[in-house]
Every structure is written in C-alpha cells, then in structure tokens.
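Asker: Need a 3D model of the sequence below.
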Amino acid sequence: MSWMNVATIYAKELKDTLRDRRAVLSMIIIPTFIMPALIFGLGRIGAKVTNKAYEEVPAVMIIDGQDSPSVTDAIKTYKRVRVVPTTDDWRDKISDKKIRAAVSVPRGFEAALQNETASCINIYTYRGEMKSSIAADELDRFFRDLREKTVAARLTQRSLPATLLKPFDIKRENVAAPEKVGGNLVGGFLPYLVIILSLTGAMYPAMDLTAGEKERGTMEMLLCTPASRTEIVIGKFLMVLTGSVSAIVLSLVSMGTSFMLVGGSFGGAISGGSQNLKGLLPTLDLLGIGGMMLMILPVAVSFSAIVFTISLFAKSYKEAQTYVTPLIFAVIMPAAIGMMPGIELDARMALAPILGLSLVCKEMLSGVWHWQFIGLVFASYCVYAAIALVLAVRMFKREDVIFRT
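Answerer: Okay, the predicted model is just below:
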C-alpha cells in the first residue's frame, strides 16, 4: 500500500469536502457556533424564566380559618404570597393556574396552639408545576417559622433554654478538590456531548464520500485511478475521521471560550444576579480532558468506519441518511444513561458499549483514574475500531456494494 496515494486521496477528499456546504455546516459551523449558542441561549432563557418565577408573588387562597384570625392575618401580611378572596372552585383554579396554591387552616387552630394540642395544616398544590411548587414552599416556610416561634414561646414560659430542642447545629463543608467538584458536575454531560459530536461529525462526510459520489457519478472515475481499493478506502476514511475529530475539538474550544467570555453576564441571570457564574463554573482537570480525548479517539475511528460502511450500501445521499440516522438513537440512549446519578463504574459497565466509555470519562474528569477499567475500555474500542475499519475495506472491495443498483 502506498501512503503517497493515500495522502493524495485524502487531500482530494478534504478539498471536495470543504467545498460542500452541508459538510462544512456539520463539521465546523454547528460545533463552533450553533451548539454553544444553543446551550448558552437555552441556559440563559431558562435562568431568566426561573428567576421571574421566583420573583413573582404567587396568588394563594386560605380555606377556612375564620376562628384563627391572628394566623390568617399574618398570612395576608406575609410579603412572599398574595392572598386572594376564597371561592368554592379553588381546586379548579389551582389546576387552571389562576392561583398557585391554597392552604387549609383547620377549625380551632389557634385554640389548639394555646392548649398545646396537635393539629394539621394542609397545603394544596399543582404537583409538577413550578410556580405552584414555589407558592407551596413559601406557605410551608411561613408555617415552619410559626411553629418555631410557638416552640420558643413555650420554652420561655417554662424557663427552658431554646437549645433544649436544638442542642447542636449541622454544617456541611466540601473537602473535595475543585477539579473533582467540577468533574462531578459536568462529568456526565461533557462525555455525552463529545460522543454525540464524534458521530454527527462523521455522518455527513461519510455519506457524501460514498453515496454522494455514487449519486454524482464520480465513484467510477476514482476507481479508474492507479490507487488500490484499500488506499482509496483509507484516504476516504481519514477524511471522515477528520470530520469527527474536528467537530469534537471545535465544539470544546468554542464552548470553553464562550464560558470565559460570557460567563459573567450569563451568571447575572441566575438568582437575580446574586451569583456570578464565573465563581460557579467548575474547575475541570486538564489532564482529565486530555484523557477523555484519548479515550474518544478509538470511538471516533469506530464511528467513522461504521458510518462509512453503512453509507456504502446506499445508492443516494437521501438513502444514506435513512440508513445512518438510527445510529444517533443507538448512541444517545447508553450515553444518556451515563449521566444518571447512581450509575457506578465496574467491569460489567466498562464493557457496555458507549456506557462504559461515558462512565470512564466521567471518572477521569473528576480526577479519579481507574486504570484497569480505562485499559479495558480503551482496548475494547481499539478492537471495535479495527474490526470496523477492516469491514469497511472489505465492503469497498465488493462490486455488488459499490455498484449497487
């Protein structure tokens, strides 16, 4: 095999790919500009919507409580909620989002407090609705404060210290390094994103260099050159791999730059500007990022070879899209599982396709290096990559695949 021929094929395919607007869109434009814009744009919108919901004073109703005027008056003057007149259809109004919650003050509630007998406050909400949950939390906070004041008053009447019910405080303190905290926060999402990009970055170059050339009628001209079938496959495959790796690198660089440039303004939308995102941004272990990129390389090789092989069977670009698109769902599901809490890395998980890679990368980004699992995952994907590449060469040598009609 002549590597000079391979380099020539690769250079030719690279030039043709950079002239294709669809390939440039998938390899450069989307990873560099559109992906970060979507992430930051949706994040900023979500932060503004959440802040607006917390800033809104929710409308609530008080059910009963006529014989507990002190409590009901205190609720009405509570600045975190807005009490509206009670109506019989309060349940429907909560469901229709006309009010956010309702609280039922039982009969004899104030008398029960004075007689030191137990009673129960019921708070009615729209489960799963954010603004209703906020209103319920505010009402819950009000009655918890009332309970604490009542207990403190009873202790004072009996000349007992407040520490009787609160003998000690509980304080949480982080002992993990910033790199471990950062890796744990984004360690599930970042490998997921990189895995998806490695597939989507390879899809369009692979389809264009196989089915696209069949559709344009240029495949026969390429086969008439002195280059062997194997050299042609390797040259085309390297172009597909370039697309995959380019999508990963450009996306990571773009998002990292975006975080540094707009992190402060983005963080201003969180909690009414009380927190700065630059102080909240996780400090990632650069060695972990390097390890993740090294682990992704055989996966990118596998994806490139698999997509290339599948696209060979298509007679047109549109048909190739039909064949390749289901791969996205096959990759998304196991990668998404790696983001779930409670999924721990072990030998069985390490051998699971995509999932094992996602878990290993998550651990590396947290500064934890399980070398036995890292070696297991890397070796298995190297085998997958070699098998996929050999299969691609064999399929390209079959006339019934190349000249499928």
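Asker: Please identify the helix or strand for residue 320.
Answerer: helix 317-337 (DSSP states H and E).
Asker: Let me see the contact set for residue 164.
Answerer: residue 155 (C-beta atoms under 8 Å, 6 or more residues apart in numbering). For every residue, glycine as well, the C-beta is placed using N, CA and C.
Asker: Please point out which parts of the helix holding residue 320 sit buried.
Answerer: 317, 319, 320, 323, 324, 327, 331, 334, 335, 337 (16 or more other C-beta atoms under 10 Å).
Asker: hmm, who's touching that helix?
Answerer: Counting by C-beta under 8 Å, 6+ apart, the neighbours of helix 317-337 from elsewhere in the structure are 191-192, 195-196, 199-200, 203, 206-208, 210-212, 215, 303, 306-307, 310-311, 313-314, 343, 352-355, 358.
Asker: ok, of the residues you listed, which come out buried?
Answerer: 191-192, 195-196, 199-200, 203, 206-208, 210-212, 215, 303, 306-307, 310-311, 313-314, 352, 354-355, 358.
Asker: Is residue 134 within a helix or a strand, and which one?
Answerer: Counting by DSSP H and E, residue 134 is part of helix 130-157.
Asker: Tell me the helices and strands packed up against that helix.
Answerer: helix 35-55, strand 59-64, helix 69-76, strand 101-105, strand 122-124 (3 or more C-beta pairs under 8 Å, 6 or more residues apart in numbering; DSSP states H and E).
Asker: burial measure for residue 247, as a count.
Answerer: Using other C-beta atoms under 10 Å, residue 247 has 29 neighbouring residues.
Asker: Buried residues, the helix or strand hosting it. List them.
Answerer: Secondary structure assigned from DSSP H and E places residue 247 in helix 229-267. Residues 230-252, 254-255, 258-259, 263, 266-267 are the ones in helix 229-267 that count as buried (16+ other C-beta under 10 Å).
Asker: Check stretch 355-373 too.
Answerer: So, applying 16+ other C-beta under 10 Å, buried residues of stretch 355-373: 355-368, 370, 373.
Asker: And that stretch, end to end?
Answerer: Stretch 355-373 stretches 12 Å from its first residue to its last (C-alpha to C-alpha, to the nearest Å).
Asker: Check the offset of it from the chain's centre.
Answerer: Distance of stretch 355-373 from its chain centroid, counting by C-alpha atoms, centre = their mean, to the nearest Å, is 18 Å.
Asker: mean confidence score for that stretch?
Answerer: Mean pLDDT, stretch 355-373: 81.
Asker: just stretch 302-322 next, same as before
Answerer: 85.
Asker: again with stretch 57-66
Answerer: On average, stretch 57-66 scores 90.
Asker: So what would you say the end-to-end distance of that stretch is?
Answerer: End to end - C-alpha to C-alpha - stretch 57-66 spans 24 Å.
Asker: list the buried ones in it?
Answerer: For stretch 57-66, by 16+ other C-beta under 10 Å, it's 58, 59, 60, 61, 62, 65.
Asker: The second one and residue 87 touch, don't they?
Answerer: By that I understand residue 59. No - Residue 59 is not in contact with residue 87 according to C-beta atoms under 8 Å; the separation is 11.9 Å.
Asker: where in the stretch 101-250 of the chain is pLDDT low?
Answerer: 176, 178-188 (pLDDT under 70).
Asker: Kindly recompute the last result at 90.
Answerer: 106-120, 127-130, 148-250 (pLDDT under 90).
Asker: Show the contacting residues for residue 236.
Answerer: By C-beta under 8 Å, 6+ apart, residue 236 lies in contact with 9, 10, 13, 209, 210, 308.
Asker: swap that for residue 123, please
Answerer: 101, 102, 103, 104, 136, 139, 140.
Asker: Please report phi then psi for residue 82.
Answerer: Main-chain dihedrals, residue 82, degrees, to the nearest 10: phi -120, psi 110.
Asker: So it versus residue 127, what's the distance?
Answerer: Here the criterion is C-beta to C-beta, to the nearest Å. By it, residue 82 lies 21 Å from residue 127.
Asker: Between those two, which has more neighbouring residues?
Answerer: For residue 82 versus residue 127, neighbours defined as other C-beta under 10 Å are more numerous around residue 82 (15 against 7).
Asker: Tell me the bridge partners for that one.
Answerer: residue 59 (DSSP bridges).
Asker: Isn't it up against residue 58?
Answerer: Yes - counting by C-beta under 8 Å, residue 58 is a contact partner of residue 82 at 6.8 Å.
Asker: tell me which element residue 353 falls in.
Answerer: Counting by DSSP H and E, residue 353 is part of no helix or strand.
Asker: can you check residue 297 too?
Answerer: helix 286-312.
Asker: Which other helices and strands does that helix contact?
Answerer: For helix 286-312, the packing partners by 3+ C-beta pairs under 8 Å, 6+ apart are helix 189-207, helix 229-267, helix 317-337, helix 355-365, helix 371-396.
Asker: Could you export those helices to TSV, including columns for distance to residue 402?
Answerer: Shown next, in TSV, are the helices and strands packed on helix 286-312 (distance: least, C-beta to C-beta, whole Å):
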stretch	distance to residue 402
helix 189-207	15
helix 229-267	9
helix 317-337	14
helix 355-365	32
helix 371-396	7
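Asker: Residue 369 contacts residue 363, correct?
Answerer: Yes - between residue 369 and residue 363 there is a contact under C-beta under 8 Å: 7.3 Å.
Asker: For the nearest residue to residue 372 once chain neighbours are set aside, give me phi and psi.
Answerer: Excluding the flanking residues, the one nearest residue 372 by C-beta to C-beta, 6 or more residues apart in numbering is residue 347, at 7.9 Å. Dihedral pair for residue 347: phi -60, psi -40, per degrees, to the nearest 10.
Asker: Quick check: residue 347 touching residue 375?
Answerer: No - under the criterion of C-beta under 8 Å, residue 347 makes no contact with residue 375, lying 11.4 Å away.
Asker: still on that earlier bit, tell me the buried residues in the helix holding residue 297?
Answerer: Buried residues in helix 286-312, counted by 16+ other C-beta under 10 Å: 288-289, 291-293, 295-312.
Asker: Report the distance from it to the chain centre.
Answerer: 20 Å.
Asker: just stretch 53-69 next, same as before
Answerer: 37 Å.
Asker: Just the endpoints, please. Distance across it?
Answerer: Note: stretch 53-69 ends 30 Å apart using C-alpha to C-alpha.
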